[in-house]
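this is a predicted model, with the sequence first.
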Amino acid sequence: MSTLLLRLAGPLQAWGSESKFEVRRTGREPTKSGVIGLLASALGCRRDDIDTVEKLDSLRMGIRIDQPGELLRDYHTAHRGKDSYVTSRFYLSDAVFLVGLESDDVQLLSKLEEALHNPAFPLFLGRRSCPPTLPLVLGIRSLSLGEALEREPWQAAEWRRRKLDGRLRIIEEGVLEGGVTYRLRDRPLSFNPTHRQYGFVFWTERRGVDMKAGTSHDAMHELMGGEDDVPQQDRT
């Protein structure tokens, strides 16, 4: 297995999985649909290219929260005919995430790496108003997803590291042992604007890594009082 590592950072990010109507929320971490949209834009795929979406969905994704960021609320005035109304949009400000994409198809990972360096369409972090800062691509590691997320150097700014405790959360796609599992309706089945479809994807937060000490630890194990079996949860 190999893992393509991305550094998702920018002044603003917005990863909506439950946004509706006048309130546009953001998750605290990148969504799989958002990352697949980023990759599809880099490749120059059209919204009705279902085959490419399925191929990108086969990548197993993981996230390390290197710099959590702050929640920001912005107000917009929208107009519909003669009527106007206020909408609320939420963003993450000054967040940094390490995202890993695992596959045994190294050729696919190399193709994605090249596309991200030379994207066909503009890239953004969830919304068009959220461009990424560089470097976006950290490269391909000949490691499993979990190993790559644990071993990569801390991506937070140095002055921010001094304010953080260095215990970074790691979330991996799938139902894994020894952690808390939840699900989101975040698996893209179609990006067609007239008929968008999403399925469920399972995530497990099962361990963290202490970047200051250089050792990994099971944060969920500690929170559950040291019990061996950690119950699963659904977050819909």
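Arrived safely.

find the nearest non-adjacent residue to Asp129, please.
No, residue 129 isn't Asp; it's Ser. What sits nearest to Ser129 in space, not counting adjacent residues and going by CB to CB, 6 or more residues apart in numbering, is Leu12, at 6.8 Å. For glycine as for every other residue, the C-beta is placed from the backbone atoms N, C-alpha and C.

so who does that neighbour touch?
Leu72, Tyr91, Leu92, Ser93, Leu125, Ser129, Cys130 (CB atoms under 8 Å, 6 or more residues apart in numbering).

stretch 173-182 - what's its average pLDDT?
Averaging pLDDT along stretch 173-182 gives 92.

do the same with stretch 151-170
pLDDT averaged over stretch 151-170 gives 92.

what sits closest to the residue nearest the centre of the chain if chain neighbours are left out?
The centroid of the chain falls nearest to Pro30 when counting by CA atoms, centre = their mean (2.4 Å). Distance criterion CB to CB, 6+ apart; nearest residue to Pro30, sequence neighbours excluded, is Trp15 at 5.1 Å.

tell me the contacts of that neighbour?
With CB under 8 Å, 6+ apart, Trp15 has these contacts: Thr26, Gly27, Glu29, Pro30, Thr31, Gly34, Leu92, Leu125, Gly126.

and it, how close does it get to Leu176?
21 Å (CB to CB, to the nearest Å).

okay, the contacts of Trp15 in a markdown table with secondary structure and distance to His79 next?
As requested, the contacts of Trp15 are exported to a markdown table (DSSP: H, G, I helix; E, B strand; the rest coil; distance: CB to CB, whole Å):
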| residue | secondary structure | distance to His79 |
| --- | --- | --- |
| Thr26 | coil | 24 |
| Gly27 | coil | 28 |
| Glu29 | coil | 33 |
| Pro30 | coil | 31 |
| Thr31 | coil | 29 |
| Gly34 | helix | 27 |
| Leu92 | strand | 27 |
| Leu125 | coil | 27 |
| Gly126 | coil | 24 |
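
so how far is stretch 6-18 from its chain's centroid?
When C-alpha coordinates are averaged (CA atoms, centre = their mean, to the nearest Å), stretch 6-18 and its chain have centres 7 Å apart.

for it, what is the average pLDDT?
90.

restricting to C-alpha, output stretch 56-75 in CSV.
Output in CSV follows, covering the C-alpha atoms of stretch 56-75 (Å, rounded to 0.1, in the frame of the first residue of the first chain):
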residue,chain,number,x,y,z
LEU,A,56,-11.6,8.3,-6.5
ASP,A,57,-14.0,7.0,-3.9
SER,A,58,-12.0,3.7,-3.9
LEU,A,59,-9.2,5.6,-2.2
ARG,A,60,-9.2,5.1,1.6
MET,A,61,-9.0,8.5,3.3
GLY,A,62,-7.6,9.5,6.6
ILE,A,63,-7.2,12.9,8.4
ARG,A,64,-4.8,14.2,11.0
ILE,A,65,-5.9,17.5,12.6
ASP,A,66,-2.6,19.4,12.8
GLN,A,67,-4.2,22.8,13.6
PRO,A,68,-7.9,22.8,14.5
GLY,A,69,-8.7,26.4,13.5
GLU,A,70,-11.5,28.6,14.7
LEU,A,71,-15.2,28.6,13.7
LEU,A,72,-16.2,31.7,11.9
ARG,A,73,-19.7,32.8,11.0
ASP,A,74,-20.4,35.1,8.1
TYR,A,75,-23.7,36.8,7.1
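
buried residues in that stretch, which are they?
Across stretch 56-75, burial judged by 16 or more other CB atoms under 10 Å covers 56-57, 59-69, 72.

okay, and which of the residues you listed map to strands?
Per DSSP state E, strands hold the following members of the buried residues of stretch 56-75: Arg60, Met61, Gly62, Ile63, Arg64, Ile65, Asp66, Gln67, Leu72.
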